[in-house]
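> structure of the sequence below:
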Amino acid sequence: MSLLDNLPHTCTAKRRTRSVDELGGSKDTYTTTFSDRKCWIQSASHTDIEEFQKRDIVITDKVYFITDPEVDERDILVIEGNTYEVRSFANPDATVGMGLFFKIMVELKRT
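Below is the predicted model:
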């Protein structure tokens with residue numbers, strides 16, 4: 001059985017919608033776009049971290065999906081009880097010997 005058939009993690013995606021509260025400030029609400037989707041999370045490499053730092057974007061991890069998760073910077077992912085903010089669009093990533101994955105870069109949000 002290949003990794004493509006058995007990704008080790010599950011993910012829930014929530015999309016942020018920003019609105020104005022009664023005092024004129026902003027208020028975020030989240031709507032679940034998908035849940036229990038198989039994924040694979042790994043720590044971002046030093047090279048990846050440096051590449052994003054050049055654009056003033058902080059990343060900590062990368063998440064792989066078998067199909068395009070259709071998430072962007074408005075989304076958060078909940079994986080293994082941790083919350084991650086999406087920092088990139090999904091990019092096809094041909095991982096040697098494992099087929100095609102879609103990779104997104106994320107930042108772990110400390111609570």
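
> just how off-centre is stretch 45-56 within its chain?
Going by C-alpha atoms, centre = their mean, to the nearest Å, the spacing between the C-alpha centre of stretch 45-56 and its chain's C-alpha centre is 16 Å.

> repeat that for stretch 58-71.
Between the centre of stretch 58-71 and the centre of its host chain there is 4 Å, according to C-alpha atoms, centre = their mean.

> buried residues of that stretch, list them for me.
Neighbour-count burial for stretch 58-71, with 16 or more other C-beta atoms under 10 Å as criterion, is recorded at 59-66, 69, 71. C-beta coordinates here come from the backbone N, C-alpha and C atoms, glycine included.

> which one of those is nearest Leu100?
Within the buried residues of stretch 58-71, proximity to Leu100 (C-beta to C-beta) peaks at Ile66, which comes in at 8.2 Å.

> so the closest one versus Glu107, what's the distance?
From Ile66 over to Glu107 the distance is 23 Å, taken as C-beta to C-beta, to the nearest Å.

> after the worst-scoring helix or strand of the chain on mean pLDDT, next one along is what?
Of all the helices and strands that make up the chain, the one with the lowest confidence by mean pLDDT, DSSP states H and E is strand 91-95; it has a mean of 74. Towards the C-terminus, the helix or strand next in line after strand 91-95, according to DSSP states H and E, is strand 99-108.
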